[in-house]
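Student: okay, predicted coordinates and the sequence, questions at the end:
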Amino acid sequence: MLSFRVERKRESYNYCANPNRPHGFENNWKNNSIDSLILFDDLEMVIALNCQTVANYCFGPNAGPKDNPHISTIAPGDFTITAFVEPRSFHGEIHAITRTKDIGGMWIDHNAMQIYAGSYQLGRWLIHDKYSYELKRDTNYAWSAGCFILSSADLRNLNACLKSKGVKSGDLIPGTLIER
């Protein structure tokens, strides 16, 4: 059976290059993509990839608060991946992170969304790449609003592994996230 394990290093939360400066693209890049996303087939490791798992993006309506953007980070514990979901405006073939909580305690449902009072939906927690349509290449750093961010090449490699194991759109893959 396929499963994911995400290994987060505690240093990932220390993403401000200068903790005395405000959050922003110029400051939220330290310790970027030092975590691991690992796909297993039973006990055999299929692929291990570097990724950004801590929310360091503090702009726009789907980001965490500007003084605490990492609150939308997936909490340690179990989660489920829904494979090959609709990319909408994202690049490449992406996956949804579902059935888990963020470190702020908010539930992320089977649609990779959070539902607030009044049925307001927030975000989509995903596995996607750091490709910029504006730059026509990957950005220098991974910017996460709670998603697991890979390089474009690593996302393609992950997807090739999933397809070689027979994974199709909508298939569910269990996962767990641990911090070290």
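Tutor: Received the coordinates, thanks.
Student: what number of residues lie near residue 140?
Tutor: Around residue 140 there are 11 other residues, counting by other C-beta atoms under 10 Å. C-beta here means a position set from N, CA and C on the backbone, and glycine is covered the same way.
Student: quick one: contacts for the closest residue to it other than its chain neighbours?
Tutor: For residue 140, ignoring the flanking residues on the chain, the nearest one in space by C-beta to C-beta, 6 or more residues apart in numbering is residue 29 at 7.7 Å. Applying C-beta atoms under 8 Å, 6 or more residues apart in numbering to residue 29 gives the contacts 15, 17, 56, 140, 141.
Student: how far away is the fourth one from residue 51?
Tutor: Counting by C-beta to C-beta, to the nearest Å, the gap from residue 140 to residue 51 is 15 Å.
Student: now do stretch 89-104: distance to the chain's middle.
Tutor: 6 Å (C-alpha atoms, centre = their mean, to the nearest Å).
Student: what sits up against it?
Tutor: 64, 70-75, 77-85, 87, 107-112, 114, 124-129, 131, 133, 146-148, 152, 155-156, 159.
Student: got the phi and psi for the residue sitting nearest the centre point of the chain?
Tutor: Of all residues in the chain, the one closest to the mean position by C-alpha atoms, centre = their mean is residue 148, 1.5 Å from it. Per-residue torsions, residue 148: phi -100, psi 120 (degrees, to the nearest 10).
Student: i'd like the first residue to be 3 from this point on
Tutor: Got it, the first residue is 3 from now on, which makes the last one we talked about residue 150.
Student: that one bridge partners, please.
Tutor: Beta-bridge pairing for residue 150 (DSSP bridges): residue 129.
Student: surely it touches residue 35?
Tutor: No - using C-beta atoms under 8 Å, residue 150 is not in contact with residue 35, being 10.1 Å away.
Student: list the buried ones in stretch 32-43?
Tutor: Within stretch 32-43, the residues that count as buried by 16 or more other C-beta atoms under 10 Å are 32, 33, 34, 35, 36, 37, 38, 39, 40, 41, 42.
Student: picking up where we left off before, now the contacts of residue 31: which count as buried?
Tutor: By neighbour count, with 16+ other C-beta under 10 Å, the contacts of residue 31 hold 17, 58, 143 as buried.
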